[in-house]
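Sequence first, predicted model second:
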Amino acid sequence: MVVEGYGPYALDADAAGAVFVVTGDELRMVRDPGEPTPSVDPARRLFRPAEGGEVVASGARVREAARAAAAWATFATAAQALGCGEALLRATVAYVKQRTQFGGPVGSFQAVKHRLADTLLGLEFARPLLYGAAVELAGDAPGAGAAVAAAKVAAGEA
C-alpha cells in the first residue's frame, strides 16, 4: 500500500495480487506494480505503482484508515530496527570476545568497549520510546504519531 505523504513506494509489490494507493480521500487498486527500484536492503524490492487504477473507496474514512495503517507500519519498522540492533549487538559482542589482535581479545580494547556501550545505551533508550508508542497507538491517542516518530528515530539511530 502506498499512502500519499509517506513515500511513493510499495514494498515487494510484485508478490501481491493488487497494490493499493491512497491519494487524498481516494483508495485506488492498481494491478501493475510498476518497475522495481533498488533498495538499500537487497532482500526487498521497492516498486513505484503505475498511475490511475480503479477507485475502490473514497471519503474521509479512507484518509483516516490510511493514516492509521501508516502509523502502524512506522511502528513496525521501529520495532524491527530495535530487534535488529539488539541481534547485531549480541553477535558483535560474541565476535569481539573471540577475535584476537596484539595478543588479546579485540573486545578488551577501550575503543571497542566504548562503541559497544554507546550502541547498548542507544538501544536501551529506544526501547521505552517504542513501548510508549505502542501504548499510544493501542489507545488511539492524539499524540500517537509523534510517539511513533520518536521511537522510529531513536531505534533507527541506535
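Good, I have the coordinates. Numbers count the residues shown, from 1 in each chain.

Now do the SS call for the residue nearest to residue 75 when sequence neighbours are not counted.
Residue nearest to residue 75 in three dimensions, not counting chain neighbours: residue 148, with 5.0 Å by C-beta to C-beta, 6 or more residues apart in numbering. Every residue, glycine included, has its C-beta placed from N, CA and C. Each residue gets one of three states, and residue 148 gets helix by DSSP: H, G, I helix; E, B strand; the rest coil.

same deal with the one 4 residues further on?
Secondary structure for residue 152, judged by three-state DSSP, is helix.

contacting residues for the residue lying closest to it once chain neighbours are set aside?
Closest residue in space to residue 152, ignoring its immediate chain neighbours: residue 78 at 4.0 Å, by C-beta to C-beta, 6+ apart. Under the criterion of C-beta atoms under 8 Å, 6 or more residues apart in numbering, the contact partners of residue 78 comprise 126, 130, 133, 148, 151-152, 154-156.

For the longest helix along the chain, buried residues please.
Looking across the chain with DSSP state H, the single longest helix is helix 60-98. Within helix 60-98, the residues that count as buried by 16 or more other C-beta atoms under 10 Å are 62-63, 66-67, 70-71, 74-75, 78-79, 81-82, 85-86, 89, 96.
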